[in-house]
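S.K.: Output the structure for:
(chains A and B)
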There are 2 protein chains.
Amino acid sequence: MASHHIEIHYCTQCRWLLRAAWMAQELLTTFEQEITTLTLKPGAGGIFEVHVDSKLIWSRTQQGRFPDIKELKQMVRDSIAPDKNLGHSERSA
Amino acid sequence: MASHHIEIHYCTQCRWLLRAAWMAQELLTTFEQEITTLTLKPGAGGIFEVHVDSKLIWSRTQQGRFPDIKELKQMVRDSIAPDKNLGHSERSA
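M.R.: Numbers count the residues shown, from 1 in each chain, chains lettered A, B, ... in the order given. Coordinates of the predicted model:
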């Protein structure tokens, strides 16, 4: 089975550890079989980035906001488990 | 400044993600300046291990229990910031 590594780089000055850790737990729960490691990386200067296998999939600086958890899960799914159905969260509200 | 990497390897079958993520947040808060990355690693078979810079500092299999957070912080401190005072948690209750 392929191994996948996710990294969440977050700004400590902005106190973003809690949301980074929350998103980490959401991803590790949804992709329990697919994620090999999930790394939390303290940073500074307003950084909030998510990398999947070293590929940047979210940058708060570029996108101007945090990802919605549903959208982040879909982007991770598209990257590491394209055939995976995310269940009820996929159906439009 | 030296870079330090912590890894928490936890059993998903035992549902230990929440305690692993809790301990991760405690360590990333206490050692905000000292930790470069903290990696959560899903595993199986009752594993719960903490490595600091690839050195095993806690194994539930060997120690037969989970670490108390105070004791885990002292072990991490002894490993990556020996001079760091952990404040009121150091004084005996």
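
S.K.: okay, CA-based contacts and neighbour counts for the rest of this
M.R.: OK.

S.K.: all strands for chain A, in order.
M.R.: A:4-11, A:35-43, A:48-52, A:55-59 (DSSP state E).

S.K.: Please name whichever of those strands is nearest to chain B.
M.R.: Nearest of the strands of chain A to chain B, taken as C-alpha to the nearest C-alpha: strand A:35-43 at 4.1 Å.

S.K.: With mean neighbour count added, can I get the strands of chain A in JSON lines?
M.R.: Formatted as JSON lines, the strands of chain A follow (neighbours: other C-alpha atoms under 10 Å in any protein chain shown):
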{"stretch": "strand A:4-11", "mean neighbour count": "22"}
{"stretch": "strand A:35-43", "mean neighbour count": "23"}
{"stretch": "strand A:48-52", "mean neighbour count": "22"}
{"stretch": "strand A:55-59", "mean neighbour count": "15"}
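
S.K.: Would you mark the buried spots in the longest helix seen in chain A?
M.R.: Ranked by residue count, the top helix of chain A under DSSP state H comes out as helix A:17-30. For helix A:17-30, a neighbour-count test (16 or more other C-alpha atoms under 10 Å in any protein chain shown) marks A:L17, A:A20, A:A21, A:M23, A:A24, A:Q25, A:E26, A:L27, A:L28, A:T29 as buried.

S.K.: Alright, that wraps it up for me.
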